[in-house]
Structures are given as structure tokens and as C-alpha cells.
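**Student:** What shape does this take:
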Amino acid sequence: MTDQNPRNFLSQHGKRLVRVEARPNAADWGDDEALSLPEAARLFFPDGPLSEKSLRHAAAHGQLGFVRVAGKILTTAGAVRAMLRPPPPPDGRRS
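**Tutor:** Numbers count the residues shown, from 1 in each chain. Model (predicted):
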């Protein structure tokens, strides 16, 4: 678990991520709960390897489900989890 220092709950642009600060465990978020990309990055990847910029790239390339509302890109906890699941084997068999 990451240090609970409030500075850990800042986005790359220095904005405080109040909702993630209140619930810092990704397991506490339902699959349909909307997250901004800074929130998703801090919640699912507090120490890397993915950042807000990485998630923006994944959304732009169809790897992360998202919606654009009022100029903001929103995703869900479920979409982030789905992005992290490995694809099925090419022949359709499950390992």
C-alpha cells in the first residue's frame, strides 16, 4: 500500500484527487463508477507503470473504454480492469 501522504493524491498537474483520497483501494470502486483519467491512474497505478498520459494514449487507441463529457475524458473502474485482462489465446482455448 502506498504512503498516505496527501501529496500522493495529486494528479500530474497538482490537482488534489479528493475521491481517490477518500477511497484509495481500487477494490472499493464498482465497475460502473466513473473516473477521470488522473483518478484512474492514481487509483490503479499509484506507483506506475501507467500514468494519466498512458491512459489517454490507451483510450485514443481503443485499448481503454471511455466517454468524453464536457471536454473531460471519463472511464470506469471496469474499463481499466478489462484493459488489464490478458487477451484470450488466438485459437480460442483458455489456459
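**Student:** How about D31: what's its closest non-neighbour residue?
**Tutor:** Nearest residue to D31, sequence neighbours excluded (CB to CB, 6 or more residues apart in numbering): G78, at 3.0 Å. C-beta here means a position set from N, CA and C on the backbone, and glycine is covered the same way.
**Student:** which helices and strands sit right next to the helix or strand where that neighbour lies?
**Tutor:** Per DSSP states H and E, G78 falls inside helix 77-84. Judged by 3 or more CB pairs under 8 Å, 6 or more residues apart in numbering; DSSP states H and E, the packing partners of helix 77-84 are helix 37-44.
**Student:** thinking again about what came up before, right, and the residue nearest to D31 touches L35 too?
**Tutor:** No - counting by CB atoms under 8 Å, L35 is not a contact partner of G78; they are 10.0 Å apart.
**Student:** quick one: which of the two has more around it?
**Tutor:** Taking other CB atoms under 10 Å, G78 and L35 do not tie; L35 has more neighbours (25 against 14).
**Student:** How about the backbone phi and psi for that one?
**Tutor:** phi -140, psi 140 (degrees, to the nearest 10).
**Student:** quick one: the residue nearest to it when sequence neighbours are not counted from L84, how far?
**Tutor:** Excluding the flanking residues, the one nearest L35 by CB to CB, 6+ apart is T75, at 5.6 Å. Separation of T75 from L84 (CB to CB, to the nearest Å): 12 Å.
**Student:** Comparing these two, which shows the higher neighbour count?
**Tutor:** T75 (22 against 11).
**Student:** Report the spatially closest residue to A41, excluding sequence-adjacent ones.
**Tutor:** E52 (4.4 Å).
**Student:** what about that neighbour, how many residues close to it?
**Tutor:** Neighbourhood size, E52 [other CB under 10 Å]: 19.
**Student:** For N25, grab the count of nearby residues.
**Tutor:** N25 has 9 nearby residues by other CB under 10 Å.
**Student:** ok, now S36?
**Tutor:** 19.
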